[in-house]
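Asker: Below are the sequence and a predicted model; questions follow.
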Amino acid sequence: MNKPHVNRFARFRCVLWIGLPALLALSPLAAVAQGDASGTPASTPVFWYILSAAVAMLTAVGLVLIGVAGLETERAWDAALGAVAAISLATLAYWAVGFALQFGGIGLVYMRPELRGLVWEWSPLSVDWGVGWGVAGLSGWFLAGSDMTALVYALFLSHLPWLFVVTLLPVMAVRGRAPMLATLVIALLIGGIVYPLAGNWVQGGGWLSALGRNLNLGHGFLDVGGAGSVFLLAAAFGLVALVVWTPRRAAAASAHLPPDYQPLLTVAGSLLVLAGLIGWLWSNPLQVAALSDLGMMRGSVNVLLSAAAGVVAPLLYTWFVAGQSHPTLAARGLVAGAVAGLAAAPFIQPAPALLIGALAGATTPLLAYVIDHLLRLDDATGLVVTAGAPAMVGLLFAGVFADGAAGVGWQVTGVDNFMGVARQGVSGLFVATGFQPDFPGQFQAQLIGMAAMIVWGVLTGVVACAPLGLLFWGFQHSERTTHPDPELPLPRVTAGAEPPAPERRRSFPPVPSDPST
């Protein structure tokens, strides 16, 4: 009779354990805002980057809560702990080699004295093909050296939330299916190689960002908030991991909505994602410096509108087919709308932002049906549903609805004028009055960048996951061969003795006020 009471307190404690560290992480920021004890105020730029990066961490926390809300208790525990371990290892790999691979040549694109220590980029093509065909940075290892300025540390800090998300999404999707050691290796690879190289091409001054300068394709590949280099990349990599480690389920007689084990976590995760979106967009100092006040304010409004619009279609769909709203699908729709809006929020009008978010949210129930019931893959965390297709929607429509009013000189393209018009920014097909459309140039750049993220994610997923899958399958097969008799008696456990480790049940500590304890 007391079981529901215990479950409510257990879930409440889970929310507190995950949410309180995030709030405590923000508490020092109030002191920074007020200055030190001597009354000296902190400089405005430094405070802004610290605050926005800290707020952006809430996005990763929210995604963890939304992901585990649709998992059984045992697997939810594994997924949450796996996400924490993956984030830790990915951070170490990013500090050691990943940041250098991503931003080691950024000083060649943005001629700022603070970036003098990041001026080495490797390119497979000669300079005769143009400047900006870089694919990997080669300086800034371990953030060591006297040239590591405050701007360099701000770049590192601003992309840690992006690193967290691109790592935890595929790890959570296969945690409990893949061996723990395999997921940790995946985290190291994503943090050290997979994400940094993709980030170099898009945000680090690499070849995708230079498509405008080298091939006259708009302003290069647009991906302000990491819709491609974070979410689409994670979805492509994670889909391969699901194929390798998740056995296909038997075909169900009828389709069902995704399970919704802990709706409280879903609601809390949705609110945290909304809270973290603004910091997620504006923690990168190079992007903040390249956008006007209009771009920043409009981008902040647009990404929230996209997230809000993404909830509508899943809510209406579940209300129609099940007679009541479904928290998990609604939260996934919110994330889908936010992901789509992150592609080009500063460069579009609010009405297109609403449309993009609504379309991205509408893909959520459709893809959930395709992944779970047609392909029969166990995507219980909604990785592909919330990250892959919505990112593609946002990236494609960015090349259509960019209106030219923001993003002057974006990615060092069209600094003085663009399309023969002074002060024209990023442009697509439908532009504001007085600007020239740039179609299909910008749209083609979006297609190239989107294809690059998918191919890179699938390729690295196969290279990383297939050998690990075969290796651990060989270990398991060898262990079964060593102990072939399945009828061997299990070891006995005497009364009062501690059960063997595999039989121990994971549970939350008891609440003192629980009658059952």
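Answerer: Looks like it came in fine. Numbering: from 1, shown residues only.
Asker: mind checking the SS state of L281?
Answerer: helix (DSSP: H, G, I helix; E, B strand; the rest coil).
Asker: okay, now it: neighbour count?
Answerer: 25 (other Cβ atoms under 10 Å). C-beta here means a position set from N, CA and C on the backbone, and glycine is covered the same way.
Asker: Over to the one 3 residues further on?
Answerer: Neighbour count of N284, defined by other Cβ under 10 Å: 24.
Asker: For it, which non-adjacent residue is closest in space?
Answerer: Leaving aside its chain neighbours, N284 sits nearest to S158 (4.5 Å; criterion: Cβ to Cβ, 6 or more residues apart in numbering).
Asker: I'd guessed the one you found sits against P285; true?
Answerer: Yes: S158 lies in contact with P285 (Cβ atoms under 8 Å); the separation is 6.9 Å.
Asker: where along the stretch 401-517 of the chain do the helices fall?
Answerer: 441-482 (DSSP state H, counting those that start in this stretch).
Asker: coming back round to it: any idea which helix or strand carries the residue nearest to N284?
Answerer: Per DSSP states H and E, S158 falls inside helix 150-174.
Asker: pLDDT score for the residue nearest to N284?
Answerer: At S158, the predicted lDDT confidence score is 96.
Asker: so who does it touch?
Answerer: Counting by Cβ atoms under 8 Å, 6 or more residues apart in numbering, S158 makes contact with 49, 52-53, 56, 283-285.
Asker: and the two most separated of those residues?
Answerer: Farthest pair in these (Cβ to Cβ) is A56 and P285. Separation: 13.3 Å.
Asker: So those two - more neighbours on which side?
Answerer: Neighbour totals were compared for A56 and P285, and A56 leads with 27 against 23 (other Cβ under 10 Å).
Asker: isn't that one right up against V273?
Answerer: No: contact criterion Cβ under 8 Å: A56 and V273 do not qualify, at 10.7 Å.
Asker: neighbours around L471, how many?
Answerer: Count around L471 with other Cβ under 10 Å applied: 14.
Asker: Let me see the contact set for it.
Answerer: Neighbouring residues of L471 by Cβ under 8 Å, 6+ apart: there are none.
Asker: likewise V408?
Answerer: Residues counted as contacts of V408 (Cβ under 8 Å, 6+ apart) are 292, 414-415, 418, 423-425.
Asker: Also T318?
Answerer: 257, 324-326, 329-330, 365.
Asker: go on, L286?
Answerer: By Cβ under 8 Å, 6+ apart, the residues touching L286 are 106, 110, 155.
Asker: any chance of the contacts of V408 in JSON lines, with neighbour count, distance to A344 and pLDDT too?
Answerer: Shown next, in JSON lines, are the contacts of V408 (neighbours: other Cβ atoms under 10 Å; distance: Cβ to Cβ, whole Å; pLDDT from 0 to 100):
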{"residue": "S292", "neighbour count": "15", "distance to A344": "15", "pLDDT": "88"}
{"residue": "G414", "neighbour count": "25", "distance to A344": "16", "pLDDT": "92"}
{"residue": "V415", "neighbour count": "9", "distance to A344": "19", "pLDDT": "91"}
{"residue": "F418", "neighbour count": "25", "distance to A344": "16", "pLDDT": "95"}
{"residue": "R423", "neighbour count": "15", "distance to A344": "19", "pLDDT": "93"}
{"residue": "Q424", "neighbour count": "22", "distance to A344": "16", "pLDDT": "96"}
{"residue": "G425", "neighbour count": "28", "distance to A344": "11", "pLDDT": "96"}
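Asker: which of the residues you listed lies closest to G310?
Answerer: Closest approach between the contacts of V408 and G310, by Cβ to Cβ: G425, at 25.8 Å.
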